[in-house]
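Visitor: Make a model of this:
(2 chains)
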Amino acid sequence: MIRLYDTARGEVVPLEPRDPGKVSMYVCGPTVYGPAHLGHGRFALVFDVLRRYLEWSGLEVTYVSNITDIDDKIIDRAAREGRAHDEVAREWEAAWWRSMEAIGVARPTHDPHATAFVAEMVALIERLIAEGAAYETDDGVYFSAEAVTDYGLLARQSIESLQAGARVEVDETKRSPVDFALWKKAKPEEPSWPSPWGPGRPGWHTECVVMSLGLLGDGFDIHGGGQDLAFPHHENERAQARALGHRFAAHWVHNGFVEVGGEKMSKSLGNFTDLDDLAARSDPRSYRLLVLRSHYRSPIEVNEGVAADASAALRRLDALARRAATWPTVPADAATLERFRERMDDDLDTPAVVDLMFRTLHRANQAADEGRVDEAAAAGAAVMEMTGAVGLELLADTGDVPAEVAALARQRDEARTARDWAAADALRDAIVAAGYVVEDTAEGTSVRPG
RNA sequence: GGCGGCGUGGCCGAGUGGCUUAGGCAGGGGCCUGCAAAGCCCCGUACGGCGGUUCGAUUCCGCCCGCCGCCUCCA
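Guide: Numbers count the residues shown, from 1 in each chain, chains lettered A, B, ... in the order given. Below is the predicted model:
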């Protein structure tokens, strides 16, 4: 079974599924108020890779990722644009799924929306009040962090040091600086839902508690998200669940940030690149390869040079896929797949897996060059199996080539047969100028989109 | 201030007390090719600084320097 770093325990520990053969995952999804950037892309890819690998391993995965469709930022944007908040949320949610599709992230098993669970959230808050873990103030309902003895577990800090470090103006209505809002009473003009405390909206941290427990049940296997969610978001989710006696998530997994010039990419710093821009400028699969090249908990630097690097590496993998298409169909090399499994099971060691992919690619090419076709085929099949298991689909086909370009290729073959090299080179230049890659093969001129 | 992490060859990025000291990209030489492309072969002796432990440290310990993250909305 796979071993993963657990933020709560601070070490790599085996994943022990609650239900044998099945894995339940909850990954905090986006607040839909704007375009997704590379950071969102990374978390989506990291957990997509984990999910696909678990499925490849034969486990039945239930993957839940929510859509936060009510939040101050959505309300702000709607107000600025003079639109309804739900209209803004719908627009950006649609954009989110388009971006996810562009980078090949599989759709979650369930994609619950916060606004569909408001009644359940109200019920949960009522229970927290009844337990003495929450209290009402003039502007809302707050959770009392002191109600949970190990508050600070995910932050790996004591509640005292968290309080001492509070950098925010202390809200006078809160009893403690680390207390957080469960329910925000609506000001005039703000969207609202009815509650025992008057019209208002839920705080961010409650939705994930209700939706994860509701869809996956208590003690679900994995709760994931970006490192910046560990505290306070996940800490606060956990606090609510624990206050009500739930075990909640068994395993907490957090991915590292995307950085630009050594700094975290974030909307507030304004140093972000939209996922759609990247997908439009390059083969979106290269971003997955880029993400796989680093360990999921390490920061990754993304810039033009690094992106070009990944694109070039991807071209080699595609080249192997094309070559492998001419080899016999044989089972993938078992020893290589065993290595792959070992590396992946070791806290998702994808850098080692990329290493293994390229070594195996090299082995396949070498065997083919030396005429050991079956060995090449087995190694090639292993590369395809591994890339497929982590969601990297290699392109073995040569793509669509227009009839006029194909005609140029045939003319070039004729010229080459006639040993008219000047004509052959001119035709090749023409095909390249049209944006295609030309390669000679035993069957003649091969042309594919560049 | 508290907590955590990082500093590796031109670039990206793994890893390890010594042994064959990843992988990718870029670069140089060669093979193949009419010339290319793709592929193959060969080539780089790097681990922030100063001490310490050790037969031996990039890897362990201490200190220092530099950088980053969380403690606030944030993937």
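Visitor: which strands and helices sit next to the helix or strand hosting A:Ala382?
Guide: Per DSSP states H and E: A:Ala382 is located in helix A:373-389. Helices and strands touching helix A:373-389, as assessed by 3 or more C-beta pairs under 8 Å, 6 or more residues apart in numbering; DSSP states H and E, comprise helix A:38-56, helix A:304-324, helix A:334-345, helix A:350-369. Just so you know, the C-beta spots here come from the backbone N, C-alpha and C atoms, and that holds for glycine as well.
Visitor: Next, the residues that contact the helix or strand just after it from outside, please.
Guide: Per DSSP H and E, the first helix or strand lying C-terminal to helix A:373-389 is helix A:403-417. Applying C-beta atoms under 8 Å, 6 or more residues apart in numbering, the contact partners of helix A:403-417 are A:401, A:421, A:423-424, A:427-428, A:430-431, A:434, A:436, A:438, A:444-447.
Visitor: picking that back up, can you tell me which of the helices and strands packed on helix A:373-389 is most buried?
Guide: Sort the helices and strands packed on helix A:373-389 by mean neighbour count, taking mean count of other C-beta atoms under 10 Å, and helix A:38-56 sits at the top with a mean of 24.
Visitor: That one vs helix A:334-345, what angle?
Guide: Angle of helix A:38-56 versus helix A:334-345, following axes from the mean of the first three to the mean of the last three C-alpha atoms, to 10 degrees, is 130 degrees.
Visitor: what about helix A:38-56 and RNA strand B, any contact?
Guide: Yes - applying C-beta under 7 Å from any atom of the strand, one finds helix A:38-56 touching RNA strand B at A:Gly39, A:His40, A:Arg42, A:Phe43.
Visitor: coming back round to it: need the max-distance pair from the contacts of helix A:403-417.
Guide: Between any two of the contacts of helix A:403-417, the greatest separation by C-beta to C-beta is 23.1 Å, found for A:Val401 and A:Trp421.
Visitor: Those two: which is more packed in?
Guide: Under the criterion of other C-beta atoms under 10 Å, the comparison of A:Val401 against A:Trp421 puts A:Val401 first, with 17 against 10.
Visitor: from the chain's centre, how far out does stretch A:208-227 sit?
Guide: 16 Å (C-alpha atoms, centre = their mean, to the nearest Å).
Visitor: what's the answer for stretch A:194-209, then?
Guide: Computed by C-alpha atoms, centre = their mean, the chain-centroid distance of stretch A:194-209 equals 28 Å.
Visitor: how's chain A carved up into domains?
Guide: Domain ranges of chain A: A:3-255, A:260-389, A:403-449, per automatic domain parsing.
Visitor: got the ones you listed as CSV, with distance to A:Leu395 and mean pLDDT columns?
Guide: Shown next, in CSV, are these (distance: least, C-beta to C-beta, whole Å; pLDDT from 0 to 100):
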stretch, distance to A:Leu395, mean pLDDT
domain A:3-255, 12, 94
domain A:260-389, 5, 92
domain A:403-449, 9, 91
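Visitor: Would you mind giving me the confidence score for the nearest residue to A:Gly435 once chain neighbours are set aside?
Guide: Distances taken as C-beta to C-beta, 6 or more residues apart in numbering place A:Gly450 nearest to A:Gly435, at 5.4 Å, with adjacent residues excluded. Turning to A:Gly450, the model gives it a pLDDT of 76.
Visitor: pretty sure A:Gly450 is touching A:Ala433, no?
Guide: No - here A:Gly450 lies out of contact with A:Ala433, judged by C-beta atoms under 8 Å, at a distance of 10.5 Å.
Visitor: Just want to know which of those two has more residues nearby.
Guide: With neighbours defined as other C-beta under 10 Å, A:Gly450 and A:Ala433 compare such that A:Gly450 has more, 12 against 8.
Visitor: who touches that one in this structure?
Guide: Per C-beta under 8 Å, 6+ apart, neighbours of A:Gly450: A:Val432, A:Gly435, A:Tyr436, A:Val437.
Visitor: OK, contacts around the first one?
Guide: With contacts defined as C-beta under 8 Å, 6+ apart, the neighbours of A:Val432 are A:Val438, A:Gly450.
Visitor: which secondary structure element contains it?
Guide: In the assignment (DSSP H and E), A:Val432 maps to helix A:421-433.
Visitor: angle of the helix or strand that comes right after that helix against helix A:421-433?
Guide: Per DSSP H and E, the first helix or strand lying C-terminal to helix A:421-433 is strand A:436-441. Counting by the same axes, to 10 degrees, strand A:436-441 points 140 degrees away from the direction of helix A:421-433.
Visitor: any idea how far strand A:436-441 is from the chain center?
Guide: The answer for strand A:436-441 is 35 Å, by C-alpha atoms, centre = their mean.
Visitor: And the helix or strand following that strand, what does it pack against?
Guide: Later in the chain than strand A:436-441, the nearest helix or strand by DSSP H and E is strand A:444-449. Other helices and strands packing on strand A:444-449, by 3+ C-beta pairs under 8 Å, 6+ apart, are helix A:403-417, strand A:436-441.
Visitor: Paired strands for strand A:444-449, with orientation please.
Guide: Strand A:444-449 has the following strand partners under DSSP bridges: strand A:436-441 (antiparallel).
Visitor: one step back: go back to the contacts of helix A:403-417 and keep what's next to RNA strand B.
Guide: Okay, of those touching RNA strand B (C-beta under 7 Å from any atom of the strand), that's A:Trp421, A:Ala424, A:Arg428, A:Val438.
Visitor: In space, what's closest to the third one - neighbours in sequence excluded?
Guide: Across the structure, with C-beta to C-beta, 6+ apart as the measure, the residue nearest A:Arg428 apart from its sequence neighbours is A:Val438 (5.1 Å).
Visitor: Relative to RNA strand B, which residue of the stretch 201-350 of chain A is the closest?
Guide: Closest approach between the stretch 201-350 of chain A and RNA strand B, counting by C-beta to the nearest atom of the strand: A:Gly226, at 2.0 Å.
Visitor: ok, what's across the strand from that residue?
Guide: A:Asn255.
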